[in-house]
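Participant: with the sequence up front, the predicted model follows.
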Amino acid sequence: MRVPVATMLALLLGSALSLQATAQDRSSAALAGRLFPTLLQLQPDTLPAAARGVLAQRRQQLARCGQQVACTLEAAAWTPAQIDTLASAAPDRSAAIGRELRGLNGILAVYGHGEAPRYAAIDGPTGTAGSPRLAQDVLAAVQMSDVDQQAAYTALDRSIALAVGLLDANDRLDAIRFEPISEGTNAAAFARARGLDWKACRYTAIIVLGQGPDELTTPISAGSKLRLKAAAQRYLAGDAPYLIVSGGAVHPRGTRSVEALQMRQALIERFGIPEASILIEPYARHTTTNLRNASRLLAALQAPSQQPALVVSSPAHIDSVASAQFSERNRSELGYLPGTVGERVSPYAIRFVPAAASLRIDPADPLDP
């Protein structure tokens, strides 16, 4: 049977429109999922009446704003009462919901209004508060969130799309640059873990804390070279089956060079370490998250939770890790200790047992949640 030309064109047009309606920016979707995993799991239609009422009120307020920047930023921010209402709608996930909404508010404040971030030397938007560049980027983000209203990650609230758009407008997609972390550069090491006898070594891994260079022309700092020498000696002595090199694109501000990748290359080229024995942790931007993120990697590898790892760095850095001040910094910045720091086994190394709390996602630092 011959299909009339008009009918065929209508079918093709309908198919194209259907594809367009369901199209989704993969990077935006991945970033939303990385920063707000609990929020994206919520099904608006199944929430209690009070929570549905808050969401409906917020939709109306944002709709009235159109593309007005100041109005949209104000309407997108979650009030304490709104956060409490949504968190109480899912008691088993209330803490995570609160963390994610407060983190979302932080993104709006820093990348929307230009407020000072926690780490002003390495964080924040490209444009400064009140600058034409900031205004330009915020307008683009508001318009992106408008276009994205049919995307799956905006089903709960448009503020998620706005937060993601603000980071995207500033080219700060750091949090998804290496996802999934078990693939790509880490694929061989993860494959090896499936048949590994963890008890054959004293430690699950040697965690090498990176030290970023101070200028863009230096790929790897002298401090990192020292730490790699100390770590390679430990690995070649049979202390652990893995080396975890930890450090993101941090210093100097604006660098594209990832400390973990530079250290991995040095371990292979200078010491002959097999690729399947090296894991990159390419997100950490501080010592607190060096240990937290290494703990996450070990959990993903299914390493024995009570078997210690060995943290390797410079003597002064290990002094800091072993100090009471470092414990307080973890409590202040992360809200918990990423693990238990144990015996110092040399000037360059100290034992560390990861804690399950390290698996907690917190977009208070949207570049490394």
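Facilitator: Sure thing, it's come through.
Participant: wait, residue 141 touches residue 166, no?
Facilitator: Yes: Residue 141 is in contact with residue 166 according to C-beta atoms under 8 Å; the separation is 4.4 Å. Bear in mind the C-beta positions are built from the backbone N, C-alpha and C, glycine included.
Participant: what do the two both touch?
Facilitator: 111, 112 (C-beta atoms under 8 Å, 6 or more residues apart in numbering).
Participant: and stretch 328-347, how far out from the chain's middle?
Facilitator: 20 Å (C-alpha atoms, centre = their mean, to the nearest Å).
Participant: what average pLDDT does it get?
Facilitator: Taken as a whole, stretch 328-347 has an average pLDDT of 98.
Participant: give me the contact list for that stretch.
Facilitator: 118, 230, 286, 288-289, 291-292, 295, 308, 310-311, 315, 318, 321-322, 326-327, 350-355, 357-358, 360, 362.
Participant: again, but for stretch 166-183
Facilitator: 27-28, 30-31, 34-35, 107-108, 111-112, 125-126, 137-138, 140-141, 144, 184-185, 190, 248-249, 280, 282-283, 297, 300, 366-369.
Participant: which parts of the strand or helix carrying residue 328 are buried?
Facilitator: According to DSSP states H and E, residue 328 maps onto helix 324-333. Residues 326, 330, 333 are the ones in helix 324-333 that count as buried (16 or more other C-beta atoms under 10 Å).
Participant: list the buried ones in whichever helix or strand comes after that helix?
Facilitator: Per DSSP H and E, the first helix or strand lying C-terminal to helix 324-333 is strand 339-346. Within strand 339-346, the residues scored as buried using 16+ other C-beta under 10 Å are 339, 341, 344, 345.
Participant: list only buried entries from the contacts of stretch 166-183.
Facilitator: By 16+ other C-beta under 10 Å, the contacts of stretch 166-183 give 28, 30-31, 34-35, 107-108, 111-112, 125, 137-138, 141, 144, 185, 190, 248-249, 280, 282-283, 297, 300, 366-369 as buried.
Participant: tell me which of these fall in strands.
Facilitator: residue 280 (DSSP state E).
Participant: ok, for residue 154, nearest residue in space, not its chain neighbours?
Facilitator: Nearest-residue entry for residue 154: residue 161, 4.5 Å, with adjacent residues in sequence omitted and distances by C-beta to C-beta, 6 or more residues apart in numbering.
Participant: quick one: which helix or strand includes the one you found?
Facilitator: Per DSSP H and E: helix 158-169 holds residue 161.
Participant: domains for the protein, by residue range?
Facilitator: 26-171, 180-359 (automatic domain parsing).
Participant: so where's the protein uncertain?
Facilitator: The chain contains residues with pLDDT under 70 at 1-23.
Participant: apply 90 and report the result again.
Facilitator: The chain contains residues with pLDDT under 90 at 1-24, 67, 118-121, 212-219, 251-257.
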